[in-house]
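# Sequence plus the predicted model coming up.
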Amino acid sequence: QSLTPAKIDEALKSLYATGLFSDVTISHRGGRLVVSVKENEVINRVAFEGNKKLKDEQLASEVQSKPRAPFSKTTVQADTQRIIELYRRSGRYDVRVTPETIERGQGRVDLVFNITEGDKLGVAEIRFVGNKAFSDYKLKDEITTTESNWLSWLKNTDIYDVDRINNDQELLRRFYLRNGYADFRIVSVTADLDRAKGGFILTYVLDEGAQYRVGTVDVVSGIKDVDPARIRSALRVSPGQVYNAELVEKSVENATIEVSKSGYAFAQVRPRGDRDVQTRKINLVFAVEEGPRVYIERIEIRGNTRTRDWVIRREFDLAEGDAYNRVLIDRAERRLRNLGYFKDVKITNEPGTAPDRVILVVTVEDQPTGEFSVS
């Protein structure tokens, strides 16, 4: 067949992608195409040295380099970064990992990760800038990250964890929305390492905005047989009260259930807030609409290694065969998060066997639920 530089380049990439070769060259010799390869050595065993805080079994399960697999520098570099990331999640940012190989002959090598763990670096101080309505003390109570103190050996909430800080930002946002600050936003979050204090200094820069109250509350029904007055009685918000985003969500849930009792399982209740900056009021309108007719084919639960399926399923107001309702699914997701059993909860949809069928996929990540107390 005809030979082009593009085909040669594609062949090179394919050979390297196998992970079996450390070097590949393709050359012309007369009318021949010669492919010269240098095979990767085979890993005899994978060992870890210098690790005390993390066990060998835990590290071995995280790295991709395995015994009897080809030795790949790219994979080893990725494994090195993965080990560093594991230690950083436990607050050890001074960790150093150096991979080494020991020749064993016959194309075999031992792969050794030399680890210098370093000292634990926690959160030395949490600062808030721009908060006027609430004190630093109150805001610290609303987030899960804590400052290091003499009890740090009993807890891990004082460890600098990016995922936890992202979650804390959402907790702060929900806290302000519960208290009427609809314009609230987090301008920035910075983490500065202070060697003198032995940890990170977290600084949240906030823009609180004005506090809003509820103006008018109205219900508009696009379904002929649904009485707006009946829906209005299920709402949890009323004119004059401080605007609370969680009560608005609860009102949507109650209204959706009330509409379902009337026989409209596919109905959707959508809230709309018209903000009046001058009077600092939010006028709420709850619109009842007929949604698409979609059914739940099945509910799949993934990632639960400790928690039984029925513990998760009991938090759903829905079951296989019921009408799909996004509000009730979001409600179940919040319930699962509030259990405290899981580090992360995510509910997604996958296409079912028919256009009007969906599969609910509940992905959870278990976390230790033990408790130790001293009094």
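Received, thanks.
# which element is A47 on?
strand 42-49 (DSSP states H and E).
# ditto for S14
helix 5-17.
# For that helix, what does the pLDDT average out to?
Here helix 5-17 scores 89 as its mean pLDDT.
# Next secondary structure after it?
Following helix 5-17 in sequence, per DSSP H and E, is strand 21-29.
# Partner strands of that next one and their direction?
strand 32-39 (antiparallel) (DSSP bridges).
# Mean confidence (pLDDT) on the strand it pairs with, please.
Mean predicted lDDT for strand 32-39 stands at 89.
# ok, now stretch 256-264?
Rounded mean pLDDT across stretch 256-264 is 79.
# now that stretch, how far from the centre of its chain.
In this view, stretch 256-264 has its centroid 33 Å away from the chain centroid, taken as CA atoms, centre = their mean, to the nearest Å.
# Same check on stretch 95-115?
34 Å.
# just for the stretch 101-250 of the chain, where's the confidence low?
Filtered on pLDDT under 70, the stretch 101-250 of the chain yields the residue ranges 153.
# quick one on the thing from earlier: name the helices or strands packed onto the strand holding A47?
Contact here means 3 or more CB pairs under 8 Å, 6 or more residues apart in numbering; DSSP states H and E; on that basis strand 42-49 packs against helix 56-62, strand 108-116. Heads up, the C-betas are built off the backbone N, CA and C, glycines and all.
# Would you indicate which residues of it are buried?
Neighbour counts over strand 42-49 (16 or more other CB atoms under 10 Å) mark 42-44, 46, 48 as buried.
# Can I get those in JSON lines including pLDDT?
JSON lines is the format used below for those (pLDDT from 0 to 100):
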{"residue": "V42", "pLDDT": "89"}
{"residue": "I43", "pLDDT": "90"}
{"residue": "N44", "pLDDT": "92"}
{"residue": "V46", "pLDDT": "93"}
{"residue": "F48", "pLDDT": "95"}
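# Quick check: the farthest pair among those?
The two members of the buried residues of strand 42-49 with the most space between them (CB to CB) are V42 and F48, at 19.3 Å.
# quick revisit: tell me which of the helices and strands packed on strand 42-49 lies nearest to G291.
Across the helices and strands packed on strand 42-49, G291 has its closest neighbour in helix 56-62 (43.5 Å, CB to CB).
# The helix holding S14: which residues count as buried?
Going by neighbour count (16+ other CB under 10 Å), the buried part of helix 5-17 is 15-16.
# From the contact counts, what lies against it?
Helix 5-17 packs on strand 21-29, strand 32-39, going by 3+ CB pairs under 8 Å, 6+ apart.
# Present the ones you listed as a markdown table; the columns should include distance to R195 and mean neighbour count.
What follows is the helices and strands packed on helix 5-17, written out as a markdown table (distance: least, CB to CB, whole Å; neighbours: other CB atoms under 10 Å):
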| stretch | distance to R195 | mean neighbour count |
| --- | --- | --- |
| strand 21-29 | 41 | 13 |
| strand 32-39 | 46 | 11 |
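# ok, the nearest residue to V42 once chain neighbours are set aside - how many residues close by?
Leaving aside its sequence neighbours, V42 sits nearest to R108 (CB to CB, 6 or more residues apart in numbering; 5.3 Å). Residues lying near R108 (other CB atoms under 10 Å) number 16.
# Spit out the contact partners of the residue lying closest to T116 once chain neighbours are set aside.
Spatially, and ignoring its direct neighbours in sequence, T116 is nearest to R96 (4.4 Å; CB to CB, 6+ apart). Counting by CB atoms under 8 Å, 6 or more residues apart in numbering, R96 touches 115-116, 118.
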